[in-house]
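Trainee: sequence and computational prediction follow.
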Amino acid sequence: MLEMIDNLLSVFPEIVQTLIWIVLKILAIALPVMGAVAYITLAERKVIGYIQVRIGPNRVGPRGLLQPIADALKLIMKETIIPTDANKVLFIIAPVLAFIPIIASFAVIPFGDGLLLSDIDAGLLYLLAMTSMGVYGIIIAGWASNSKYALLGAIRSAAQIVSYEIAMGFALVCVLMAAGSLNLVDIVEAQSGSLLHWFWIPLFPMFIVYFLSGTAETNRAPFDVAEGESEIVAGFHVEYSSMTFSVFFLAEYSAMIIISLLTALMFLGGWLSPFQGLPYLEEAFAWVPGTVWLLLKTSIFLFLFLWFRATFPRYRYDQIMRLGWKVFIPITIVWIVVLGIAILAGLGPWFD
Amino acid sequence: MSAELILFYLFSTILVVAGFMVITIRNPVKAALFLVLAFIACAGVWILLEAEFLAITLVLVYVGAVMVLFLFVVMMLDINLAPLKEGFTRYLPLGAIIALVIVIEISIVVGPERFGLEQIPAPEPAAADFSNTKELGRLLYVQYVYPFELAAVILLVAIVAAIALTLRPKRHTKFIKIEDQLDVRRNDRVRMVNMPAEKKKSPRRQKQG
């Protein structure tokens, strides 16, 4: 099939061909992501439903499987309302700005051995930069809506994301120290060996800190004070409706996917099989493609996101700040020192 | 025109326009947003110069952290623009003269005659396996390790000084001590009372039918 497309494209000049190829590759990543987002919303409602001993959506399609499509249609059909005295341009741009950095960060994610759009050397830094840019959508949305609650949500979110960015950055520093590279492919390959070679054992505190900071960065429960329905109505997106609102939703759920993918890549060996290095089992499961393992590992973390939301009450704002600054950052700094000693000592089986 | 050249002109046009808007636009929030755009365009130019580590760090540090805090402050301030514009015409001649002097000085130091391929030959394009990150790491942590560490210590001193200068003695606030909250045990808050169940006084409602 790829050769067929190549033949079809050969009528165009060279530069147009490369451009079309890049666009096709982007679509091959972006469309499944959109589909995944749609079905995570369904999974979220179902999982939380069963945790709360009810069934969840079950009317549209068999077992409610078409519910996300119905929801999407409903959102598209609604009217986009722009509040009076809102800054129109920024009001419309804000959801787009929230969404672009997240979808751009999928560019460096390796979905399997050699299955990635762009193999850049500073991949981890690029991801950190992109996830930190997502905050602009929220800040601009809060400011442009000309609403008190939206502004409060935006300010909360800005402070929260900037605080957790630091802990997240330090956790990534530990990963790159352990792998000796910023390139995501190299990071996964450094974990090759067996389940015990993965970085979740030597970097266990960082594993926890990274995932919790990721939860805070994506504004998910229990750190969702930026929305805080019970305190500030719906926070930064209180004035948004229709597609502008759903783009915020897309951004939030894509960010969840990114954080889960990255946790799986950096701490759980990415596309490596969990049976690697075990006799018999390794051969028995050799036919499973690496992408399947990666997606399975990713879904564990996606499920954790939903589980957290159903289980924990929302953190108070000062408690969030304390957790970020006074708990996570000291832990990460201590672990950088511990890890440095471990690498110097050549602690096996990870650093020998 | 090659794709690289097109991209260069695209990014530099955005950079210049955004930089101009930062100083001319009235609304401070919009000015800060244009500064963000200028940073991103600048990062694009740096990537064209094969300095991808610096470009990404620029986005990470300035766009991702510094400008967020800037916006944070600017949005909270209620800036009245009228007094800022007072006396514009009065100070205009002096300002224009100073600006002119600065432009002349800059053009003397970095005038067009100091650039061009005769003065600075075009750098060799880096090999395919060249890693900007590794090269920078080698410079910072091997060749210039002492100046780098010194700069780090000076920054640390600056941080400590800034905190020490702004730290006020604790006022009488109702701030909650989190340690006390964490120390709370169940028995401090809940008392289980054992009492016999009471009998209902009202007779049972009669079955219908």
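Mentor: Great, that's in hand.
Trainee: got phi/psi on A:Gly112?
Mentor: phi -180, psi -180 (degrees, to the nearest 10).
Trainee: hang on, isn't it packed against A:Pro289?
Mentor: Yes. Between A:Gly112 and A:Pro289 there is a contact at 6.6 Å, judged by Cβ atoms under 8 Å. Any C-beta I mention is one placed from the backbone N, CA and C, and that applies to glycine too.
Trainee: looking at chain B, which residue is nearest chain A?
Mentor: Distances between chain B and chain A by Cβ to the nearest Cβ are smallest at B:Gly64, namely 3.1 Å.
Trainee: what's the closest non-adjacent residue to that residue?
Mentor: Distances taken as Cβ to Cβ, 6 or more residues apart in numbering or on different chains put A:Ser132 closest to B:Gly64, at 3.1 Å, once the chain neighbours are dropped.
Trainee: and if you look at A:Leu24?
Mentor: A:Ile5 (7.2 Å).
Trainee: and for B:Asn132?
Mentor: Using Cβ to Cβ, 6+ apart, the closest residue to B:Asn132 is B:Phe53 (4.6 Å).
Trainee: and that neighbour, what helix or strand is that in?
Mentor: helix B:52-58 (DSSP states H and E).
Trainee: now do the helices in the stretch 201-350 of chain A.
Mentor: Per DSSP state H, counting those that start in this stretch, the stretch 201-350 of chain A carries helices over the ranges A:204-217, A:229-232, A:242-267, A:281-284, A:290-311, A:317-322, A:329-345.
Trainee: which of the ones you listed comes out lowest on mean pLDDT?
Mentor: Of all the helices of the stretch 201-350 of chain A, mean pLDDT reaches its minimum on helix A:229-232 (a mean of 73).
Trainee: how far out from the middle of the chain is that helix?
Mentor: 25 Å (Cα atoms, centre = their mean, to the nearest Å).
Trainee: centroid-nearest residue for the chain?
Mentor: No chain in the question, so chain A it is. The centre of chain A sits closest to A:Ile258, judged by Cα atoms, centre = their mean, with a distance of 2.4 Å.
Trainee: actually, chain B is the one I wanted.
Mentor: Using Cα atoms, centre = their mean, the most central residue of chain B is B:Val66, at 1.4 Å.
Trainee: what number of residues are in the vicinity of the residue in chain A that chain B sits nearest to?
Mentor: Nearest residue of chain A to chain B (Cβ to the nearest Cβ) works out as A:Ser132 at 3.1 Å. Using other Cβ atoms under 10 Å in any protein chain shown, A:Ser132 has 24 other residues around it.
Trainee: cool, and A:Pro110?
Mentor: A:Pro110 - counted by other Cβ under 10 Å - has 24 other residues nearby.
Trainee: what does A:Phe312 give?
Mentor: 12.
Trainee: pLDDT score for the closest residue to it other than its chain neighbours?
Mentor: Spatial nearest neighbour of A:Phe312, chain neighbours left out: A:Pro222 (3.9 Å); criterion: Cβ to Cβ, 6+ apart. We have a pLDDT of 84 for A:Pro222.
Trainee: quick one: A:Pro222 and A:Arg314 touch, right?
Mentor: Yes. A:Pro222 lies in contact with A:Arg314 (Cβ under 8 Å); the separation is 5.4 Å.
Trainee: tell me the secondary structure at A:Glu79.
Mentor: coil (DSSP: H, G, I helix; E, B strand; the rest coil).
Trainee: next one: the one 3 residues further on
Mentor: Three-state assignment for A:Ile82 (three-state DSSP): coil.
Trainee: give me the mean pLDDT for the helix or strand containing A:Ala129.
Mentor: A:Ala129 belongs to helix A:123-133 when elements are defined using DSSP H and E. Helix A:123-133 comes out with an average pLDDT of 85.
Trainee: what packs against it?
Mentor: For helix A:123-133, the packing partners by 3 or more Cβ pairs under 8 Å, 6 or more residues apart in numbering or on different chains; DSSP states H and E come out as helix A:88-105, helix A:148-179, helix A:184-190, helix A:242-267, helix B:52-58.
Trainee: quick one: buried residues of the helix of greatest length in chain A?
Mentor: Taking DSSP state H as the assignment, the helix of chain A that covers the most residues is helix A:14-51. Residues of helix A:14-51 classed as buried by neighbour count (16 or more other Cβ atoms under 10 Å in any protein chain shown): A:29, A:33, A:36-38, A:40-49.
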